[in-house]
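> structure for this input, please:
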Amino acid sequence: MELRKETSHDLIGPHFPVFPTVEEVADLLAMAGDETIRLQQIARAIEGRPLIAAAVMRTVNAASLGTTRPIQSVRHALAMMGMERTRAILLEMQHEAHEVKQRASTARTSRIPGSR
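You can find the predicted model right below:
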């Protein structure tokens with residue numbers, strides 16, 4: 001029997017944007033820290049994770065960045081923000097993903113008969 005890695009999409013289904021796993025965010029952080037990986041590759045990877053893409057777009061289009069027109073692509077957003085700010089967003093998402101994982105683990109444990 002072949003075992004496969006569970007992804008966040010397996011938990012609800014492919015049609016719902018779900019919170020990324022700790023591992024998914026760690027992979028993106030590694031990409032963002034690797035100077036040999038092109039911006040376009042990182043953008044493509046982020047686009048495949050809707051909640052991370054939304055966080056990037058929300059950040060780049062915030063009034064604090066002072067853009068005159070809304071940025072509409074993840075690639076343009078990353079170019080505008082730079083990798084330092086992108087990594088900061090990913091670190092925040094990783095922290096949140098870790099908290100979600102802990103809550104899910106606690107919820108599963110509390111449903112097991114005889115466990116406390």
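> could you check how far Ser73 is from Pro20?
Remark: distance between Ser73 and Pro20 (C-beta to C-beta, to the nearest Å) = 20 Å. Bear in mind the C-beta positions are built from the backbone N, C-alpha and C, glycine included.
> kindly apply the preceding question to Gln41 instead.
When C-beta to C-beta is the yardstick, Gln41 and Pro20 sit 17 Å from each other.
> who has more neighbours, these two?
Pro20 (26 against 13; other C-beta atoms under 10 Å).
> thought that one was touching Leu51?
Yes - using C-beta atoms under 8 Å, Pro20 is in contact with Leu51, at 6.4 Å.
> anything in contact with each of the two?
When contacts are counted by C-beta atoms under 8 Å, 6 or more residues apart in numbering, Pro20 and Leu51 have Met93 as shared neighbours.
> helix, strand, or coil at the residue nearest the centre of the chain?
Averaging the C-alpha coordinates of the chain gives a centre point, and the residue nearest to it by C-alpha atoms, centre = their mean is Ile52 (3.9 Å). Three-state call for Ile52 (DSSP: H, G, I helix; E, B strand; the rest coil): helix.
> can you name the next helix or strand after the lowest-mean-pLDDT helix or strand in the chain?
None of the helices or strands of the chain scores lower by mean pLDDT, DSSP states H and E than helix 8-12, at a mean of 46. Remark: after helix 8-12, the chain's next helix or strand is helix 22-33, criterion DSSP states H and E.
> what's that next one in contact with?
The set of residues that contact helix 22-33 without belonging to it, under C-beta under 8 Å, 6+ apart, is 7-8, 37, 41-42, 45-46, 49, 52, 83, 86-87, 90-91, 93-94, 97-98, 101.
> give me the buried entries from those residues.
By the neighbour-count criterion of 16 or more other C-beta atoms under 10 Å, the contacts of helix 22-33 include these buried positions: 8, 42, 45-46, 49, 52, 83, 86-87, 90, 93-94, 97.
> strands - which of those land there?
Judged by DSSP state E, these include no members of strands.
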